[in-house]
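[1] Take a look and give me a structure for this.
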Amino acid sequence: MGVQFSQLFPPSPTFTERDLPSLKDKVFLITGGTSGIGFELAKILYHAGGKVYITGRTEAKSTQAIQAIRDSAPPPQAAHGPGQIDFIILNLDDLASIKLSTDAFKEKESRIDVLWNNAGVSQPPLGSISNQGYELQLATNCYGPFLFTQLLLPLLKAGASSAPEPGSVRVVWLSSQVAELSSPPEGLILSELTSPPEDNVKNYTNSKVGNWFLSAEFARRYGDRRIVSVALNPGAANSNLLRNAKWMRFFSYPLLHNPVQAAYTELYAGLSGDISLVNNGCYVIPWGRIHQGVAANLLNAIKVIEDGGTGRAKEFWEFCEERVKDYY
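    Purely as a prediction, here's the structure:
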């Protein structure tokens, strides 16, 4: 219980903009970077000299965010000069449009150093569905990012093949503390994917467990290509993610932090030297620590049957593959 308490009241971050070298010539892609945690992360990377791409649902929101990032004051210790900032349009709740988004990115870049799957949705009106008719939280938080990452895999492999340090090319997946606090003993009940319960909190929890499972399975499948995959609980941030959960936002307000704090969690997952191919598939907690006390049921679900686990993460990966197979 102490580990869970420390995620609600984390120690000070140990990896911030002060710890970054120049990020010149690094290519970063952040989904959902027009506000909240992703926006704060983009500012940090931009002022450290990185070439940063954010995604947004509309051109208007994206260009507005980019102008705000360019106009933002660099931190006092910034010595690298600003980098570059650009955007692509991405709607994760429409599988049919995602290839258009990745094709647009491929016209601009041929490699990626770090991909942050940061965008998500929490507790939309009950019954909300994606363009393909899937429960909206599973679609936006899992199926869309899964397809997006798979379509960008050649660029991640290109980045890894040319990176001077193995494990510096990474994919970061945003999970949540609810994945540990509220998931069932088996981690995920597969029947709830095809027949979602009439419970938005439960569906959100399933999507966040799903993010963790995708991260672990990605690490297992692509670690030999020198790509690291990390899942994380970013921390309780006062962001637009809670725009549909007004009562939750009201009652949890005393526990909510400035989004920049959660951005430090993401920064650590993407760039800290504490993470390597040795601990590929690790889980990061606020404000940038490797989780040493993961619940046994989730560890068991992440392991494949051949390694003594239940293989539930592998099953979820294969479920996502089936969901998106027609959109490559």
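[2] Every contact and neighbour count from this point should use C-alpha atoms.
    Noted.
[3] And for residue 220, the neighbour number?
    18 (other C-alpha atoms under 10 Å).
[4] Next: residue 191.
    Other residues close to residue 191 by other C-alpha under 10 Å number 9.
[5] Now do the helices in this protein.
    Secondary structure of the chain (DSSP state H): helices at 2-8, 36-47, 59-71, 95-106, 136-138, 144-151, 153-162, 178-182, 191-194, 200-222, 246-252, 259-271, 296-302, 312-324.
[6] Highest mean neighbour count out of the ones you listed?
    Most buried of those, by mean neighbour count (mean count of other C-alpha atoms under 10 Å): helix 136-138, with a mean of 28.
[7] Check which helices and strands it sits against.
    On a contact count with 3 or more C-alpha pairs under 8 Å, 6 or more residues apart in numbering; DSSP states H and E, helix 136-138 meets helix 200-222.
[8] Nearest to residue 289 among the helices of the chain would be which one?
    helix 259-271 (7.8 Å; C-alpha to C-alpha).
[9] by how many degrees do that closest one and helix 36-47 diverge?
    Using axes from the mean of the first three to the mean of the last three C-alpha atoms, to 10 degrees, the direction of helix 259-271 lies 60 degrees away from that of helix 36-47.
[10] got the contact list for helix 259-271?
    With contact meaning C-alpha atoms under 8 Å, 6 or more residues apart in numbering, helix 259-271 is reached by 13, 15-16, 36-38, 40-41, 114, 116, 168, 170-172, 230-239, 275, 284-289.
[11] among those residues, which ones are buried?
    The neighbour count (16 or more other C-alpha atoms under 10 Å) marks 15-16, 36-38, 40-41, 114, 116, 168, 170-172, 230-238, 275, 284-289 as buried among these.
[12] Which members of those are positioned in strands?
    114, 116, 170, 171, 172, 230, 231, 232, 284, 285, 289 (DSSP state E).
[13] ends of stretch 125-134, how far apart?
    This stretch, stretch 125-134, spans 14 Å end to end (C-alpha to C-alpha, to the nearest Å).
[14] Please give me every residue in contact with residue 188.
    Per C-alpha under 8 Å, 6+ apart, neighbours of residue 188: 206, 209, 210, 312.
[15] a markdown table for these, including pLDDT?
    Converted to a markdown table, these look like this (pLDDT from 0 to 100):
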| residue | pLDDT |
| --- | --- |
| 206 | 98 |
| 209 | 98 |
| 210 | 98 |
| 312 | 98 |
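[16] Give me the phi and psi angles of the residue nearest to residue 7 when sequence neighbours are not counted.
    Closest residue in space to residue 7, ignoring its immediate chain neighbours: residue 286 at 5.8 Å, by C-alpha to C-alpha, 6 or more residues apart in numbering. Backbone torsions of residue 286, given as degrees, to the nearest 10, read phi -60, psi 150.
[17] Okay, residue 286 and residue 268: tell me how far apart.
    Applying C-alpha to C-alpha, the value for residue 286 to residue 268 is 9 Å.
[18] Run through who's touching stretch 69-80.
    Applying C-alpha under 8 Å, 6+ apart, the external contacts of stretch 69-80 come out as 17, 18, 22, 39, 42, 43, 46, 47, 48, 49, 85.
[19] what sits against the first one?
    Listed by C-alpha under 8 Å, 6+ apart, the contact partners of residue 17 are 44, 48, 75.
[20] What is the nearest of those residues to residue 93?
    Distance to residue 93, by C-alpha to C-alpha, is smallest for residue 44 among the contacts of residue 17, at 27.5 Å.
[21] State the distance from the residue nearest to that closest one when sequence neighbours are not counted to residue 261.
    Using C-alpha to C-alpha, 6+ apart and skipping residues adjacent in sequence, the residue nearest residue 44 is residue 17, 6.3 Å away. When distance is defined by C-alpha to C-alpha, residue 17 is 11 Å away from residue 261.
[22] Also residue 195?
    Residue 195 sits 36 Å away from residue 261, going by C-alpha to C-alpha.
[23] got it, and residue 37?
    8 Å.
[24] what sits in contact with each of those two?
    residue 237.
[25] Next one: residue 257, what pLDDT does it get?
    At residue 257, the model reports a pLDDT of 73.
[26] ugh, wrong one, residue 268
    98.
[27] Same question for the one 10 residues further on.
    Turning to residue 278, the model gives it a pLDDT of 97.
[28] do the same with the one 10 residues further on
    pLDDT, residue 288: 98.
[29] Would you agree it is in contact with residue 16?
    No. Using C-alpha atoms under 8 Å, residue 288 makes no contact with residue 16, being 9.2 Å away.
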